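Enquirer: Sequence plus the predicted model coming up.
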Amino acid sequence: MSGTFGKGHHLHLIDGSAFIFRAYHALPPLTRKSDGLPIGAVAGFCNMLQRYVEGNTGPDAPTHVAVIFDKGSHTFRNDMYDKYKANREAMPEDLRPQIPLTRTATEAFNIACKEKQGYEADDIIATLAVQARAAGGRCTIISSDKDLMQLVGGGVEMLDAMKNKSIDRDGVFEKFGVFPDRVVDVQALAGDSVDNVPGAPGIGIKTAALLINEYGDLDTLLERAGEIKQPKRRQTLIDHADQIRLSRDLVQLDENTPLDFTLDDLEVRDPDAEQLLGFLAEMEFRTLSKRVAEVLGKEAPTIADAPVPADAPAAADVPFDADLYEHVSDTEALQAWIERIYEFGYVAVDTETTGLDDMVAQLVGVSLCVEPGKACYIPLIHKARGSDDLFGSDDLAEGQIPLEEALRLLTPMLQDPAILKIGQNMKYDSKIFGQLGINVAPIDDTMLLSYAMHAGLHGHGMDTLSERYQSHTPIPIKPLLGSGKSAITFDKVPLADAVKYAAEDADITLRLWQLFKPQLHRVEVTKVYETLERPLVPVLAAMERSGVKVDRDTLSRMSNAFAQKMAGLEDEIYQLAGRKFNVGSPKQLGEILFDEMALEGGKKGKTGAYATGADVLEDLATEHDLPARVLDWRQLSKLKSTYTDALQDHINPDTGRVHTSYSIAGASTGRLASTDPNLQNIPIRSEEGRRIREAFVAEPGKVLVALDYSQIELRILAHIANIPELKQAFQDGIDIHALTASEMFGVPLDEMTSDVRRQAKAINFGVIYGISGFGLARNLRIPRAEAQGFIDRYFERFPGIRTYMNDTKAFAKEHGFVQTLFGRKIHTPEISAKGPRAGFAQRAAINAPIQGTAADVIRRAMIRMPDAIKGMPATMLLQVHDELLFEVEKGAEDALIDAARHVMENAADPVVKLDVKLTVDAGIGSNWAEAH
DNA sequence: GACATCACG
DNA sequence: GACGTACGTGATGTCC
């Protein structure tokens, strides 16, 4: 049938996004065999289209059809209400590159494929449905989206393709309690949590329908709201009238979307066999190709097992060949690369810079890779090697695109939400780009993929991963840069060498991604990666960039004071020893103490030297003055060298602040680690050390706020091991160590002595660490038998703890890993080892779920924090395992504490329901010592 | 670069 | 019965 659309015509409108999401969730994360491209959603999408086409026979078959897609995340509704769809979860990364392919698939089926920037698919569907109805034809909307139900009636109906159930006016009434013309009114009142449409608080669909049916329509209802009998309902409608009207505007579909095509353009067309089969072959869909070929009466295309051309071996076997890497030296070549990136939807990116400190390093060049073996390097500011090299030539080497020009071309791609940027340790690269005002997003990180899957098995640096998973040793950087005084920066590396080294990194990264990404699902750590690793990258990058202000004068004064005291102590020590020696040398000290002075208790370690650790010296201190002086000296030496001196060198000259770097994949348990400098071990336990925190200050007009979880690991233990007494104590806010002591020793809480409490505290911590009689004895300095007696009594009183320990060990032995409550896996490869290593592994296995769950909790809090404090004059600066430090303008500290505490205390929700509440203590001060 | 020591949670 | 032992980190200084 042809001619102008009208009576007798039947239009089908397919909700493309619904198809895609159904396909994505219905199928496992399939990848294309030849190159690992994620392809599951496209496969499902094509299957659904094929089943749809096959089902379209008989008198009711459509004469016109189109698949309608959403385009762009920002629509006119966002202008009306900035929170519209604000709580939508981000699109999964392996789905993103598949979106353009679903368009291609639709076209391959020769079905019209329509979308419009700034409009939702629903609006286009509404517009077309209304046009079809006006022309006297029929329209079937293939979707189950309730937002589309307002369109039903007068020849328009909906079809749920999965359930093969059509929905007419009566069906809509069943769902909403009103007919289609009043659906919008009901939705306006009921709201929609999925799309974040506010509606009227406390009113659901049932109540909404009741009200609308009683008053006729929404406007009448709102006008006459005062007549409603139920006081609460009446007040809600009066108070929220504006919000309800806004909600109606949000759910009302735009039936006048400007379109550059007509219904007649949507006429059903037969598929072009060659085009369709070609596409399916390209996607490597074997079964579907066969079926489609059969239906079309054609020969199925052959899809080889190694479908790449004969001159290029299968992806997994592409050898590394640094000679094949491309040196991109002009804009045409760069443009070509960017076009290729857009074809693929993803790219492996690596930056080369002048140094390891991303706060000061300058971008030197960028490497890219989209297919194994095919990578390029774009040098940007490499220096020429001239005769005046000695004096440091500033001339740029030949064969480079001007920096600004290259960035102008690269930036849109780097920021394009449709292009996935893959890196190894992307925090570094995104900070480098961030310096230049480029926000790299979205990202994937091979280091974090490995961490999510392999924590505890091995490190996650690129060299380790490449050797382990590609049997390839990356080109080492050392020979290029040299070492020591003669070391050069990467911009001085000759271009030919630079291309090989830099491009290879991108090549390796891409291959690792293609290997790891599909495994993520199989190992069941997608959630861990997507919710605990990937989103943390920008949060940490921001914290690192913020840094914390450290007052140099304070540190410097303390350094001098420490130096004086140390000199005094050294004199005393030499006197007591009878001669001069290097106090900082444990070896020399041991000889003095145990050989020359012949003190008791000298024990040699495995290297043959006497042990002179603090515990040894403390024991000796009762017999002699020298060990006590050495202990004092050591404390000062530590404070001076590690803190008051070293910290000054870490003050960034541009910002006047100290910028640590967090390793996300360092600790196997999920904890972060802080380096260069380590700001997670700033002294606090000793009074003298604690004063170092006075040098960590807020800017004038601001204060520091510290929030820390109270006893988070013991709370998690109480939950995981299911100890009713401990859970109750936490719920009641009782001192947990006193409670433990009371339970164990039968001392009533109000008669508790500090010594008994101290012992119980040591036991509580011991449990978290995988307690042993020996360890507890040493910690409490009591006989081993007595310590063992404590432990026995503890297990007797809290038998759940022993069960937890035994179950955890058994789980680790069976599976080779243990898990946190959030699903993070920590591998325990040595759990079945022989000898002392087994003991280590067992205790680590017992500790990991507890420490790791606590780490997961604060990660979740950190990830949610930027949104929670948005608009406040506050910055999150540091994380110290169970503490977050903020800098906030004076006057806003209470608001910040409220918001941040709420996020922290509820960070486990909604994934894990803890039996024990989490509580957070807060402190405010002009410096970190005061704030804590 | 290994080892001992000690700062933190 | 002996062996070894609290869990997780990073930075520093000595010594080879």
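Expert: Nice, thanks for sending it over.
Enquirer: show me the contacts for whichever residue of the stretch 51-200 of chain A sits closest to DNA strand C.
Expert: For the stretch 51-200 of chain A, the residue positioned closest to DNA strand C under CB to the nearest atom of the strand is residue A:93, at a distance of 26.6 Å. For every residue, glycine as well, the C-beta is placed using N, CA and C. Under the criterion of CB atoms under 8 Å, 6 or more residues apart in numbering, the contact partners of residue A:93 comprise A:420, A:442, A:444, A:530, A:534.
Enquirer: Pairing partners for the first one in the sheet, please.
Expert: Partner residues in beta bridges with residue A:420, using DSSP bridges, are residue A:346.
Enquirer: any idea which helix or strand carries the residue in the stretch 801-932 of chain A that DNA strand C sits nearest to?
Expert: Residue nearest to DNA strand C within the stretch 801-932 of chain A (CB to the nearest atom of the strand): residue A:844, separated by 3.2 Å. Take DSSP states H and E as the rule and residue A:844 turns out to sit in helix A:836-868.
Enquirer: Helix or strand next in line after that helix, which one?
Expert: strand A:874-879.
Enquirer: shaky segments in chain A?
Expert: Along chain A, the model assigns pLDDT under 70 to residues A:1-2, A:304-316, A:386-393.
Enquirer: Show me which residues of it sit near DNA strand B.
Expert: For chain A, the residues in contact with DNA strand B under the definition CB under 7 Å from any atom of the strand are A:586, A:590, A:605-607, A:609, A:611-614, A:617, A:631, A:634-635, A:638-639, A:642, A:680-686, A:689-690, A:851, A:880-883.
Enquirer: For ChimeraX, write the selection for the buried entries among those.
Expert: Selecting only the buried members of the residues of chain A next to DNA strand B in ChimeraX, with burial defined as 16 or more other CB atoms under 10 Å, works like this:
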select /A:586,590,612,617,631,634,635,639,642,680,682,683,689,851,880,881,882,883
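Enquirer: Doesn't residue A:491 belong to a helix?
Expert: Yes. Using DSSP: H, G, I helix; E, B strand; the rest coil, the secondary structure at residue A:491 is a helix.
Enquirer: Secondary structure element for the nearest residue to it once chain neighbours are set aside, which one?
Expert: Here the nearest residue to residue A:491 in space, its sequence neighbours aside, is residue A:364; by CB to CB, 6 or more residues apart in numbering that works out to 4.5 Å. Taking DSSP H and E as the criterion, residue A:364 maps to strand A:363-371.
Enquirer: Relative to that strand, what are the paired strands and their orientations?
Expert: Going by DSSP bridges, the partners of strand A:363-371 are strand A:346-353 (antiparallel), strand A:374-379 (antiparallel).
Enquirer: Any idea how many residues pack against whichever residue of chain A sits closest to DNA strand C?
Expert: Across chain A, no residue is closer to DNA strand C than residue A:766, which sits at 2.2 Å (CB to the nearest atom of the strand). Around residue A:766 there are 20 other residues, counting by other CB atoms under 10 Å.
Enquirer: I'd like the distance between it and DNA strand B.
Expert: When distance is defined by CB to the nearest atom of the strand, to the nearest Å, residue A:766 is 12 Å away from DNA strand B.
Enquirer: repeat for residue A:324
Expert: Using CB to the nearest atom of the strand, which is the criterion applied here, residue A:324 is 31 Å from DNA strand B.
Enquirer: same deal with residue A:370?
Expert: Where DNA strand B is concerned, residue A:370 sits at a distance of 35 Å (CB to the nearest atom of the strand).
Enquirer: swap in residue A:922?
Expert: In this structure, residue A:922 and DNA strand B are separated by 15 Å, where distance is defined by CB to the nearest atom of the strand.
Enquirer: Over to that residue. Which of the three states is it?
Expert: Reducing the assignment to helix, strand or coil with three-state DSSP, the entry for residue A:922 is strand.
Enquirer: wait, doesn't it sit right on residue A:709?
Expert: No. Residue A:922 lies out of contact with residue A:709 (CB atoms under 8 Å); the separation is 11.1 Å.
Enquirer: Residue A:129 - that's part of a strand, no?
Expert: No. Read with three-state DSSP, residue A:129 is helix and lies in no strand.
Enquirer: Give me the nearest residue to the residue of chain A most remote from its centre, chain neighbours excluded.
Expert: Centroid-distance maximum for chain A: residue A:578 at 59.0 Å, with CA atoms, centre = their mean. What sits nearest to residue A:578 in space, not counting adjacent residues and going by CB to CB, 6+ apart, is residue A:596, at 7.3 Å.
Enquirer: Repeat that for residue A:623.
Expert: Distance criterion CB to CB, 6+ apart; nearest residue to residue A:623, sequence neighbours excluded, is residue A:599 at 6.4 Å.
Enquirer: okay, whichever strand or helix holds residue A:52 in PDB with CA atoms only?
Expert: Here residue A:52 sits within helix A:40-55, counting by DSSP H and E. This file holds the C-alpha atoms of helix A:40-55, laid out as PDB (Å, rounded to 0.1, in the frame of the first residue of the first chain):
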ATOM      1  CA  GLY A  40      25.800  -8.200  23.600                       C
ATOM      2  CA  ALA A  41      23.300  -5.400  23.400                       C
ATOM      3  CA  VAL A  42      23.600  -5.100  19.700                       C
ATOM      4  CA  ALA A  43      23.100  -8.900  19.300                       C
ATOM      5  CA  GLY A  44      20.000  -8.800  21.500                       C
ATOM      6  CA  PHE A  45      18.800  -5.700  19.600                       C
ATOM      7  CA  CYS A  46      19.100  -7.400  16.300                       C
ATOM      8  CA  ASN A  47      17.400 -10.500  17.500                       C
ATOM      9  CA  MET A  48      14.500  -8.500  18.700                       C
ATOM     10  CA  LEU A  49      14.300  -6.600  15.400                       C
ATOM     11  CA  GLN A  50      14.400  -9.900  13.500                       C
ATOM     12  CA  ARG A  51      11.700 -11.400  15.600                       C
ATOM     13  CA  TYR A  52       9.700  -8.300  15.200                       C
ATOM     14  CA  VAL A  53      10.100  -8.400  11.400                       C
ATOM     15  CA  GLU A  54       9.200 -12.100  11.200                       C
ATOM     16  CA  GLY A  55       6.100 -11.500  13.300                       C
END
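Enquirer: for that helix, packing partners?
Expert: For helix A:40-55, the packing partners by 3 or more CB pairs under 8 Å, 6 or more residues apart in numbering; DSSP states H and E come out as helix A:16-26, helix A:99-108, helix A:273-283, helix A:286-296.
Enquirer: how about a cut-off of 7 Å?
Expert: For helix A:40-55, the helices and strands in contact under the criterion 3 or more CB pairs under 7 Å, 6 or more residues apart in numbering; DSSP states H and E are helix A:16-26, helix A:99-108, helix A:286-296.
Enquirer: Could you export those to JSON lines, including columns for mean neighbour count?
Expert: As requested, the helices and strands packed on helix A:40-55 are exported to JSON lines (neighbours: other CB atoms under 10 Å):
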{"stretch": "helix A:16-26", "mean neighbour count": "20"}
{"stretch": "helix A:99-108", "mean neighbour count": "20"}
{"stretch": "helix A:286-296", "mean neighbour count": "17"}
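Enquirer: now stretch A:212-227, how far from the chain's geometric center?
Expert: 47 Å (CA atoms, centre = their mean, to the nearest Å).
Enquirer: Would you quantify the distance from whatever residue of the stretch 251-400 of chain A ends up closest to DNA strand B to residue A:801?
Expert: Across the stretch 251-400 of chain A, the shortest distance to DNA strand B (CB to the nearest atom of the strand) belongs to residue A:356, at 14.9 Å. Computed as CB to CB, to the nearest Å, the residue A:356 to residue A:801 distance reads 44 Å.
Enquirer: tell me which residues in stretch A:610-626 are buried?
Expert: Within stretch A:610-626, the residues that count as buried by 16+ other CB under 10 Å are A:610, A:612, A:616-617, A:620, A:626.
Enquirer: Out of those, which comes closest to DNA strand B?
Expert: For DNA strand B, the closest of the buried residues of stretch A:610-626 turns out to be residue A:612, at 3.6 Å, with distances computed as CB to the nearest atom of the strand.
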